[in-house]
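Visitor: build the 3D model from these lines:
(chains A and B)
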Amino acid sequence: MPGTTNNSPDPDESAHDGDEPSRWPGYAWALSAAAGATLLATPLAGWLELANIVMLYMLALVAIAFRFGKGPAVAAAVMNVAAFDFFFVPPRLSLAVADAQYLLTFAVMLATGLVIAHLAARLRQQAADARLRERRSRDLYEMARRLSGALADEQIIDAAKQFFAHSLGASVALMLRDRAGKLFVPERATVEGIDLALAQRVFEGDSTVDVVVADSLLYVPLKAPMRTRGVLIVSPADVTSIESAGQRRQLETVAVLIAIALERVHFVTVAREATVQMEGERLRSGLLAALSHDLRTPLTAILGSAESLQLGAHGLTQDQYALIDAIRDQARRTHELVENILDMARLESGAVRLRKEWQSLEEIVGSALKARAPVLATHPVIVALPADLPLVECDATLMERVFVNLLENAAKYTPPGCAIQVRARIEADQLRVDVSDCGAGVPHGREAAIFDKFVRAGPTADVPGLGLGLAICRTIIEAHAGRIWVENLPEGGADFAFTLPRGNPPSAELDAPASP
Amino acid sequence: MSNVLIVEDEAEIRRFVRHALTAEDVQVFEAATLQRGIIEAGMRKPDLVIVDLGLPDGDGTDLVRELRTWSQVPVLVLSARGDEPQKIAALDAGADDYLTKPFGVGEMLARVRALLRRSLRGPAQSAPLLALGNVEVDLAARMVRKNGAPVHLTPIEFRLLACLVVNAGRVMTYRQLVSEVWGPTYGEQTHYARVAMQRLRQKLEDDAAQPKFLLTEIGVGYRLVLP
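Guide: Numbering: from 1, shown residues only, chains lettered A, B, ... in the order given. This next block holds a predicted model:
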């Protein structure tokens, strides 16, 4: 049947006026149907009542209406009435009517013809619509299938482009959300004349904004359950045709399907990356643990063996005793270097989790002093902490490390006998700690650099070390949301200062009667 | 003559520990694995067990836990620096003290002597009258003197001091102290112990920042050392 088995994309198909693409043959057929009915009825005119001849005309009309739709059917109705009047109603071969009752026949014929024409046309239209809808659903299913199998944004873009080209004859662009939450246009999915500012508004718009039409482009937000994944921009051949309610709903459905597919792909990517990262971290921390164990064990054995040799030292000469001392000292120094390297590696790999608790600064300083008592033996240390200093929230072990490194530095870079001062005070919402010495201070211009890894202050051939101590301090302090810096004191010496957030120290029940 | 069992997988470490302890007139038994350690502990009935926390066939904390089901023998654990949660777990499981590798032999001998003394004396019979340098503590009379002058302690401070005195030589974790002094429901409020200790030190120690007997085990807890 011409005009109904049309499978090519044709937006005109959705037109609602019932017109046929093959219009003129229809009218020709209408004329020939009237003529045919007349020719058939003429030889029978002697036998048939006029009422039955009307039936022949009606039959022809129904055939035309079903075959060619409304226009030809209306034409056929008019021509039938004219032919019936001219050829059969007395006086024959004249449009005049002798018996006035035939006027009623004409009217009924015409009215019935018009109604049939209308009904037939509507039926045709409904059939065509149903076929169109079926094709669209098929396209939609096909796209949904492709979307559900998509593993990358590109596949989603291709599926969307194909659907719109095939089903609506429209070209589309997709703007997607990147990692930072910004819109971008993927290379292969663009159309002419996108209003980027408008797209951004649609993207950021609240849920009340659906489809925005501008410059014959439609902007549809791609709303997924978690968040808006981008904007779909449709460039249809005919904007008004897409404005109808059914079309719009379909467009929104498609947008949701695409959005969900994009979100799924996003989370698949996120999950994959998390797995890779987790494995990397596990590998790193496993490596660090093995390394620290394998380095520490021999050092423990060397130190312990040397010291236990000295315990029963009755048979040793003074030289031998001193040699064992040297073994001990070197092992201890190596151990400190290893600890620094491992600490830095651990802090940098993110393998360290802060065990933050409300700590007493006095305790941490005391513990650091005790840990480095041998190094500090030649330097008097003055600890001046206010008695009412509040607790500070930090990781005690790491904070002890900061003090150990600062004290050790002060002892290393200043002449023996030079006093080291540890002070602390509350400054607004921060706790400020100062570790100062009376040495030569930090060379001018090196104040920031000495906190970098493997950087040391000035020519220090005689002082052992790797330049990691201060870098570790900085990493630890910054992990505690603090700041560390150095300034030279006007009276000489360096002042290493750091701050920690004061926070909101909890109270402790110190006098409440508790269960014994 | 005391018996000490050392459970440690590194032969070199076992060797010098044995060397140092034998010189102290202590008989040393060795085990290289957790399983062997448990068997030896049952067989030798040692007066002290030294356990490395990282054994090839398991966590030393498990050995401590197992041991505690049938024995009150003092346990000294050996562990790596930076592993405070592991140390705390071992102490909470019943270990008495810990040493961080690498440790000095002198330090180890001091800890071993303190624990052996504790093992022989038994924790229940701690002396009611105790001298800590210039500080005298009389638990029975609830009396504390410094340089002969009475020191006023709040009930909480006294209870904290008493808890440490009764467990002298042992490392007490913050959680253990808070549960003992304030009650088990306060176990997570570990800062209570720190605030109370700060006050106690200010009252009893000559220099609170460099205490002589109320010692800090940073990140782990406190220890009272007898002179």
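Visitor: CA atoms for contacts and neighbours, from now on please.
Guide: Fine.
Visitor: return the helix or strand in the chain with minimum mean pLDDT.
Guide: Using chain A. helix A:239-242 (a mean of 68; mean pLDDT, DSSP states H and E).
Visitor: that's the wrong chain, I meant chain B
Guide: Lowest by mean pLDDT, DSSP H and E among the helices and strands of chain B is strand B:129-132, with a mean of 83.
Visitor: please compute how far that strand lies from its chain's middle.
Guide: How far strand B:129-132 lies from its chain's middle: 18 Å, per C-alpha atoms, centre = their mean, to the nearest Å.
Visitor: I'd like the next helix or strand past that strand.
Guide: strand B:135-138 (DSSP states H and E).
Visitor: so for that following strand, mean pLDDT?
Guide: For strand B:135-138, mean pLDDT rounds to 90.
Visitor: show me what it is packed up against.
Guide: Under the contact criterion of 3 or more C-alpha pairs under 8 Å, 6 or more residues apart in numbering or on different chains; DSSP states H and E, strand B:135-138 touches strand B:129-132, strand B:143-146.
Visitor: buried stuff in it?
Guide: Of the residues in strand B:135-138, B:V135, B:E136, B:V137 count as buried by neighbour count, 16 or more other C-alpha atoms under 10 Å in any protein chain shown.
Visitor: with stretch B:153-172 instead?
Guide: Neighbour-count burial for stretch B:153-172, counted by 16+ other C-alpha under 10 Å, picks out B:153, B:155-172.
Visitor: any idea how far B:G183 is from the closest residue to B:L78 other than its chain neighbours?
Guide: Spatial nearest neighbour of B:L78, chain neighbours left out: B:D52 (4.5 Å); criterion: C-alpha to C-alpha, 6 or more residues apart in numbering or on different chains. Noted for B:D52: a distance of 31 Å to B:G183, by C-alpha to C-alpha, to the nearest Å.
Visitor: neighbour count: the two, which is higher?
Guide: Legend: neighbour count by other C-alpha atoms under 10 Å in any protein chain shown for B:D52 and B:G183, higher for B:D52 (26 against 14).
Visitor: poorly predicted segments of chain B, please.
Guide: Residue ranges of chain B with pLDDT under 70: B:81-82, B:121-128.
Visitor: which bits of chain B sit near chain A?
Guide: Counting by C-alpha under 8 Å from any C-alpha of the partner chain, chain B comes close to chain A at B:10, B:12-13, B:16-17, B:19-20, B:23, B:80, B:82, B:101-106, B:154-157, B:181-183, B:191-192, B:194-196, B:198, B:208-211, B:216-219.
Visitor: A:V435: neighbour count?
Guide: A:V435: 22 neighbours (other C-alpha under 10 Å).
Visitor: the one 5 residues further on now?
Guide: Burial of A:A440 is recorded as 14 neighbouring residues (other C-alpha under 10 Å).
Visitor: neighbours of A:A428, how many?
Guide: Using other C-alpha under 10 Å, A:A428 is surrounded by 9 other residues.
Visitor: where along the chain do the strands fall?
Guide: As the question left the chain open, I've gone with chain A. Here chain A has its strands, by DSSP state E, at A:171-177, A:183-184, A:212-214, A:217-223, A:228-235, A:356-359, A:381-384, A:392-395, A:420-427, A:430-436, A:483-488, A:494-501.
Visitor: looking at chain B here, not the other one
Guide: B:2-7, B:26-31, B:48-52, B:54-55, B:58-59, B:75-80, B:97-101, B:129-132, B:135-138, B:143-146, B:149-150, B:171-173, B:214-217, B:221-224.
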